[in-house]
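S.K.: Structure for this input, please:
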Amino acid sequence: QVQLVESGGGLVQAGGSLRLSCAASGRTFSMYAMAWFRQAPGKEREFVAVVNWGGGGTDYVDSVKGRFTISRHNAENTVYLQMNNLKPEDTAVYYCAASRRRVGRDPSLYDYWGQGTQVTVSS
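M.R.: I've put the predicted structure just below:
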């Protein structure tokens, strides 16, 4: 069992930055691929970024490439999402997720989810 707790969300002006953190419980954190998803009001949950077990492999949705960076610190059981040059369309609840199966964009791959953290970008 893995518990995930996100933090770092908030209100920021367009062009600003935020860093989201996701702290994981358990001693097997390094065995999970870790991802960030987001969900805006009235929209489906959307893949944002994923990092593999060792941190050397990443994937991003096109809309955030060059602006967002996902990273992980296995010794601290934490995954991060650095978000720069934020845009109003980035406004959403951001969720951290963990997968033992494989790295991917499909939410059904992910076994554990956090409760989410709100990111609001004003224009």
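S.K.: what packs against the helix or strand encompassing residue 19?
M.R.: Here residue 19 is covered by strand 18-24, with elements defined by DSSP states H and E. For strand 18-24, the elements it packs on are strand 4-7, strand 33-39, strand 78-83, strand 92-99, strand 117-122, judged by 3 or more CB pairs under 8 Å, 6 or more residues apart in numbering; DSSP states H and E. Using the backbone N, CA and C atoms, a C-beta is placed for each residue, glycine as well.
S.K.: Need those strands in a markdown table (columns: mean neighbour count and mean pLDDT).
M.R.: Converted to a markdown table, the helices and strands packed on strand 18-24 look like this (neighbours: other CB atoms under 10 Å; pLDDT from 0 to 100):
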| stretch | mean neighbour count | mean pLDDT |
| --- | --- | --- |
| strand 4-7 | 18 | 97 |
| strand 33-39 | 24 | 97 |
| strand 78-83 | 23 | 98 |
| strand 92-99 | 23 | 97 |
| strand 117-122 | 17 | 98 |
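S.K.: Using TSV, please lay out those together with distance to residue 14.
M.R.: Formatted as TSV, those follow (distance: least, CB to CB, whole Å):
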stretch	distance to residue 14
strand 4-7	22
strand 33-39	17
strand 78-83	12
strand 92-99	15
strand 117-122	6
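S.K.: Could you check how far the residue nearest to the spatial centre of the chain is from residue 123?
M.R.: Within the chain, one residue has its C-alpha closest to the average C-alpha position: by CA atoms, centre = their mean, that is residue 36, at 2.3 Å. Going from residue 36 to residue 123 by CB to CB, to the nearest Å gives 23 Å.
S.K.: repeat for residue 35
M.R.: Looking at residue 35 against residue 123, where the rule is CB to CB, the gap reads 28 Å.
S.K.: Same check on residue 12?
M.R.: Note on residue 12: its distance to residue 123, by CB to CB, is 11 Å.
S.K.: okay, the two: which has more neighbours?
M.R.: Comparing residue 12 with residue 123 by neighbour count (other CB atoms under 10 Å), the higher total belongs to residue 12, at 17 against 9.
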